[in-house]
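A.B. asks: Have a look; sequence and predicted model below, questions after that.
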Amino acid sequence: MVDDHELFRLGLQMAIEGAHPDIVIAGEVSSGAALFELLKTVSTDIVLLDVVMPNMNGFEVARRLKANYPEIKILAISAENTSSTIAEMLEIGIEGFISKANSNLNTLANAIRSIMDGFDYYGKDIAEVISRIYVIKKRTTQVSEEFSEQEKRILELCHQGLSAKMIADRLCLSPRTVNWHKSNMFRKLGINSTLELVQFVGRGKDNV
């Protein structure tokens, strides 16, 4: 267990081993550096990892674990549950992520057992964020693959609040040509208005 809050580590260790005797905490440390020292003498199946820690944060710890101890599974337990945090941890290849705020002892035990059985585990709130991440990535990929460069320029100017005539003047096009491009984008995205187009871009910019 790696967490820079001592009371959290000790309380969780006592609780988990008291309620779930099949789970044994092999060691608890306050930093990534201490973890890698501990792993020289102690073996473990799973590392319970906080994300926000001083000196060496959870991202760096997870990367080093995957590079040097690929057999060890990683379960992130953190209050830092933003989409960017979760997305980065997923890219590193962790096996699970649960929220300190929205998880209990049984959630933790279930997560550990699931990971030991070979399944990834994410708390309900984390899974909802992951779902949004994949939807946004799909949208972004769709724009990148299906929109022409001219359409992308028009899309960006729509997001800036420019009218069709203003966009036409900016790009040296006719308003009719701008509206034709917008109609093509509506068709590709399955939407019907400039407002929906602007909202589409806004969601991508705010979350990716």
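C.D. replies: Noted; the coordinates are in hand. Numbers count the residues shown, from 1 in each chain.
A.B. asks: From here on, just use CA atoms for contacts and neighbour counts.
C.D. replies: OK.
A.B. asks: Apart from its chain neighbours, what residue comes closest to M53?
C.D. replies: D4 (6.2 Å; Cα to Cα, 6 or more residues apart in numbering).
A.B. asks: what do you get for N192?
C.D. replies: Nearest-residue entry for N192: F186, 5.7 Å, with adjacent residues in sequence omitted and distances by Cα to Cα, 6+ apart.
A.B. asks: Same question for E95.
C.D. replies: Excluding the flanking residues, the one nearest E95 by Cα to Cα, 6+ apart is D120, at 4.8 Å.
A.B. asks: Show the pLDDT at E128.
C.D. replies: We have a pLDDT of 83 for E128.
A.B. asks: Sticking with it, tell me its helix or strand.
C.D. replies: helix 124-146 (DSSP states H and E).
A.B. asks: Name the next helix or strand following that helix along the chain.
C.D. replies: Note on helix 124-146: by DSSP H and E, the next helix or strand toward the C-terminus is helix 149-159.
A.B. asks: Take the helix or strand just after that next one, keep the C-alpha atoms, and write them as CSV.
C.D. replies: Later in the chain than helix 149-159, the nearest helix or strand by DSSP H and E is helix 164-171. Output of helix 164-171 as CSV, limited to C-alpha atoms (Å, rounded to 0.1, in the frame of the first residue of the first chain):
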residue,chain,number,x,y,z
ALA,A,164,-21.6,32.0,-41.6
LYS,A,165,-21.0,35.4,-43.2
MET,A,166,-18.1,36.2,-40.9
ILE,A,167,-16.6,32.8,-41.5
ALA,A,168,-17.0,33.3,-45.2
ASP,A,169,-15.1,36.7,-45.0
ARG,A,170,-12.4,35.2,-42.8
LEU,A,171,-11.8,32.2,-45.2
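A.B. asks: Tell me which residues are up against helix 164-171.
C.D. replies: In this structure, residues lying in contact with helix 164-171 by Cα atoms under 8 Å, 6 or more residues apart in numbering are I154, L157, C158, L173, S174, P175, T177, V178, N179.
A.B. asks: Including pLDDT and distance to A34, could those go into a markdown table?
C.D. replies: Shown next, in a markdown table, are the contacts of helix 164-171 (pLDDT from 0 to 100; distance: Cα to Cα, whole Å):
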| residue | pLDDT | distance to A34 |
| --- | --- | --- |
| I154 | 89 | 52 |
| L157 | 86 | 51 |
| C158 | 83 | 51 |
| L173 | 92 | 62 |
| S174 | 92 | 65 |
| P175 | 89 | 63 |
| T177 | 93 | 62 |
| V178 | 91 | 59 |
| N179 | 90 | 61 |
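A.B. asks: so which of those residues comes closest to L195?
C.D. replies: Among the contacts of helix 164-171, C158 lies closest to L195 (Cα to Cα), at 8.9 Å.
A.B. asks: Number of residues surrounding the residue nearest to M53?
C.D. replies: Neighbour count of D4, defined by other Cα atoms under 10 Å: 19.
A.B. asks: now K73
C.D. replies: There are 24 residues near K73, going by other Cα under 10 Å.
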